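Q: Pasting a predicted model and its sequence here:
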There are 2 protein chains.
Amino acid sequence: MIPSHLRQNPLFQGLTGCDLTLLLGYAHEKTTKRATAFFHAGDTADRCFLLLEGHVKLSQTTPSGAQGAARLIGAGDIFGWAGVMGQARYPGTAESLAACRALAWDTGRMRQTLLATPRLTLTLLTLMGARLREAESRVLDLATARVDQRLARTLLRQSSAAALPLTRQDLAELCGTTLYTVSRTLRRWEQAGWLRLGRGSLRVLSRPALAALAEPPDAS
Amino acid sequence: MIPSHLRQNPLFQGLTGCDLTLLLGYAHEKTTKRATAFFHAGDTADRCFLLLEGHVKLSQTTPSGAQGAARLIGAGDIFGWAGVMGQARYPGTAESLAACRALAWDTGRMRQTLLATPRLTLTLLTLMGARLREAESRVLDLATARVDQRLARTLLRQSSAAALPLTRQDLAELCGTTLYTVSRTLRRWEQAGWLRLGRGSLRVLSRPALAALAEPPDAS
DNA sequence: ATCGGTCTTTGCGCCGGCGCAAATAACAGA
DNA sequence: TCTGTTATTTGCGCCGGCGCAAAGACCGAT
């Protein structure tokens, strides 16, 4: 039986029950504990995933390996589709930040399925479009906004009710800065009472305060 | 008759002659002079384009309008497909840097065509994947590399044999900095004999010299 | 030739943010 | 409970890069 919350995933919109059953038949389920890699940068891109539960960090590092940039994948999001989109190898590393449950498909089989299921391909194109726009807006942000603005925005975007399972280093990679600056900034905000810090986690207490910072000083 | 160089465009790979004829039947040709907009950010995204000749600058600006980020579109590339990927409006502005010739399709009709031509959709997915990876590598660059490294890389990537029709401001937007810094840096490089500057254009004289700068100081 | 507009250069001062280094603090496993 | 490991904080100094302002340089049009 197919759980209804799965059927409602954006990836499956517009598919017939038959298509969906077939698609799920090809999938196998994968579960991981915290801090486990789904794949590493450079691995053969032979799988693609749909995250059902947990959080995944997708990160890239420079050739010299010094620093990195990252983005977060939440429940319901897809990741690791580089192979489907014609890449031989994964460009980044995917690592679980918490215990995860995911569906995995074989890349080659998925490509065949896409040729037979145009509706799915178009949906996928839409999802990738959204991700492309997000990446381009990050470029704009990095080029124009200050670190504290980017950090505030990142916290607002990711903060569910629950505490975020992110280290200072993770946050630094998410918003394009260093762990030192993140630590200093967060500490200042904690002392202002806007959030509560923990080791490898934090909780936002006052979204309005962060929202005020996220915008450039009021251009009235 | 369909020109062969058109048939060889990546977008059309794997299509039957029949599909291709149909597709081109839907297209209309658009030509522009220099410094003309194909569309503006916020316009209804009702067209999508394939550039046949010329150069187009795709740019986004912050809500406050101060600065911007840009990317270049060359002959053979597609642009303005946000509507096809489910967006109501264009997220950025497309402006010709030189006289251009482009094919244009209606967004709605293209979406229908995609449902009927899975092969084309998959190709499009591949092209978008490449663009997504490029955007993500730009994020990494902005977060880790210095301005002169990014600038050198940008010049190397874009420099054909011909001179580039880019102002200092354009270059600043392409590599995420300000026109002042671009001017200073380029001037230094011109005095080193690595390039030749003009008003609104420049030509690379020594690619090796730039390549050396593009990489972080030799991590042996 | 002249004039207005756009693009470019460069001096100057300032500051956001980096990153080493060292001291804690928190956790995990034996 | 003890111990090694990993994460965090913070002082300090430095520097890359921003951005105003003003002075050219170049272009096209009348």
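A: Yep, it's here. What you see is a predicted model; the values in this text were computed from it and never measured. Residues are numbered from 1 along each chain as shown, chains lettered A, B, ... in the order given.
Q: what residue ranges in chain A score low on pLDDT?
A: For chain A, the stretches flagged by pLDDT under 70 are A:1, A:161, A:217-220.
Q: quick check: domain ranges of it?
A: According to automatic domain parsing, chain A is divided into the following domains: A:4-134, A:145-214.
Q: how about the ones you listed in CSV, adding distance to DNA strand D?
A: From N, CA and C alone the C-beta is placed, and that goes for glycine too. What follows is those, written out as CSV (distance: least, C-beta to the nearest atom of the strand, whole Å):
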stretch, distance to DNA strand D
domain A:4-134, 8
domain A:145-214, 3
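Q: Can you report phi and psi for A:T44?
A: The phi/psi pair for A:T44 (degrees, to the nearest 10) reads phi -60, psi 130.
Q: Okay, and the beta partners of it?
A: Assessed by DSSP bridges, A:T44 has beta-bridge partners A:R89.
Q: Check the gap between it and A:T107 for me.
A: Per C-beta to C-beta, to the nearest Å, A:T44 is found 9 Å from A:T107.
Q: Check A:A130 too.
A: In this view, A:A130 and A:T107 are 21 Å apart by C-beta to C-beta.
Q: For A:L213, which residues are in contact?
A: Residues in contact with A:L213 (C-beta atoms under 8 Å, 6 or more residues apart in numbering or on different chains) are A:148-149, A:152.
Q: From A:T113, how far out is A:L15?
A: Relative to A:T113, A:L15 is positioned 11 Å away (C-beta to C-beta).
Q: Need the overlap of contacts for the two.
A: Taking C-beta under 8 Å, 6+ apart as the criterion, A:L15 and A:T113 both touch A:23, A:120.
Q: quick one, helices of chain A?
A: Under the criterion DSSP state H, chain A carries helices at the ranges A:4-7, A:17-26, A:107-116, A:118-144, A:147-158, A:168-175, A:179-191, A:207-214.
Q: between the ones you listed, which one is nearest to B:T31?
A: helix A:118-144 (27.1 Å; C-beta to C-beta).
Q: and that closest one, anywhere near chain B?
A: Yes - residues of helix A:118-144 are located near chain B by C-beta under 8 Å from any C-beta of the partner chain, namely A:118-119, A:121-122, A:124-126, A:128-133, A:135-140, A:142-144.
Q: From the contact counts, what lies against that helix?
A: If contacts are counted by 3 or more C-beta pairs under 8 Å, 6 or more residues apart in numbering or on different chains; DSSP states H and E, helix A:118-144 sits against helix A:17-26, helix A:107-116, helix A:147-158, strand B:56-61, strand B:68-73, helix B:107-116, helix B:118-144.
Q: I'd like these laid out as CSV, including mean neighbour count.
A: Formatted as CSV, these follow (neighbours: other C-beta atoms under 10 Å in any protein chain shown):
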stretch, mean neighbour count
helix A:17-26, 13
helix A:107-116, 16
helix A:147-158, 19
strand B:56-61, 21
strand B:68-73, 22
helix B:107-116, 16
helix B:118-144, 20
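Q: Any idea which of those gets closest to DNA strand C?
A: Closest to DNA strand C of these, according to C-beta to the nearest atom of the strand: helix A:147-158, at 3.5 Å.
Q: between the helices of chain A, which gets nearest to B:G193?
A: When the helices of chain A are compared by C-beta to C-beta, helix A:118-144 sits nearest B:G193, at 29.6 Å.
Q: next one: the closest one to chain centre, how far?
A: Relative to its chain's centre, helix A:118-144 lies at 12 Å (C-alpha atoms, centre = their mean, to the nearest Å).
Q: now A:G54: how far from A:T21?
A: Noted for A:G54: a distance of 25 Å to A:T21, by C-beta to C-beta.
Q: got it, and A:R133?
A: Relative to A:T21, and taking C-beta to C-beta, A:R133 is found at 32 Å.
Q: Repeat that for A:S183.
A: 49 Å.
Q: With A:G68 instead?
A: Applying C-beta to C-beta, the value for A:G68 to A:T21 is 39 Å.
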